[in-house]
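Enquirer: need a structure here:
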Amino acid sequence: MSDQTKIAISTTDAPAAIGPYSQAVRVGDTLFASGQVGLDPATGQIVEGGIIEQTKRVFENIKAVLAAAGTDLTQVAKTTVFLKNMSDFAAMNEIYATYLAPSGTVPPARSTVAVAGLPKDALVEVEVIVKGVGGA
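Expert: Numbering: from 1, shown residues only. As a prediction, the model looks like this:
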């Protein structure tokens with residue numbers, strides 16, 4: 001197997017892909033995780049509540065995908081956050097910090113953009129890139 005072989009990562013602990021894409025793909029030691037929205041993996045529905053509840057669910061989904069790839073949130077190098085309403089930035093950022101920037105952790109690089117809409121009418125979507133994933 002070439003070090004650059006593309007390998008799909010999948011877990012039932014995160015929502016199944018709702019289109020022709022993988023939950024994540026590993027190429028060499030880099031993991032590209034598809035964007036996650038606040039879907040409950042058990043029901044396939046957006047979690048009840050607002051931006052706080054959806055952001056927490058997003059990161060629980062990301063944690064599950066990363067675990068399936070043999071890594072975790074401390075290894076995330078880059079994130080892209082998509083917000084339906086930029087007015088939700090502060091609330092999202094507070095939850096984001098608890099998952100990706102706890103004390104003593106180097107937070108990842110990040111872009112945050114406002115979008116006109118997200119799948120399932122979600123309020124937030126986050127994608128991540130991780131370097132140094134084993135098993136390549």
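Enquirer: list the contacts of Phe82.
Expert: By CB atoms under 8 Å, 6 or more residues apart in numbering, the contact list for Phe82 reads 35, 112-115, 118, 124-126. Where you see a C-beta, it was placed from the backbone N, CA and C, and this is true even at glycine.
Enquirer: and if you look at Ala69?
Expert: Ala69 neighbours (CB under 8 Å, 6+ apart): 9, 24, 26, 31, 33, 130, 133, 135.
Enquirer: ends of stretch 114-131, how far apart?
Expert: 26 Å (CA to CA, to the nearest Å).
Enquirer: contacts for it?
Expert: Contacts for stretch 114-131 (CB under 8 Å, 6+ apart): 18, 29-39, 45-46, 50-51, 54-55, 58-59, 62, 66, 69, 71, 75-86, 88, 92, 96, 108.
Enquirer: stretch 37-49 too?
Expert: Contacts for stretch 37-49 (CB under 8 Å, 6+ apart): 12-16, 53-58, 61, 64, 118-125.
Enquirer: and that stretch, what's buried?
Expert: 37-39, 46-47 (16 or more other CB atoms under 10 Å).
Enquirer: what of stretch 65-73?
Expert: Buried residues in stretch 65-73 (16+ other CB under 10 Å): 65-66, 68-69, 71, 73.
Enquirer: among the residues you listed, which lie within helices?
Expert: 65-66, 68 (DSSP state H).
Enquirer: out of the contacts of Phe82, who has the most neighbours?
Expert: Comparing the contacts of Phe82 by number of neighbours (other CB atoms under 10 Å), Val124 comes first, having 30 neighbours.
Enquirer: quick check: pLDDT value at that one.
Expert: In this model, Val124 is scored at 98, pLDDT.
Enquirer: looking at the contacts of Ala69, which is nearest Ser103?
Expert: Nearest to Ser103 among these is Val130, at 20.8 Å by CB to CB.
Enquirer: could I get the buried residues of stretch 65-73 in JSON lines, plus columns for pLDDT?
Expert: As requested, the buried residues of stretch 65-73 are exported to JSON lines (pLDDT from 0 to 100):
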{"residue": "Val65", "pLDDT": "98"}
{"residue": "Leu66", "pLDDT": "98"}
{"residue": "Ala68", "pLDDT": "97"}
{"residue": "Ala69", "pLDDT": "97"}
{"residue": "Thr71", "pLDDT": "97"}
{"residue": "Leu73", "pLDDT": "97"}
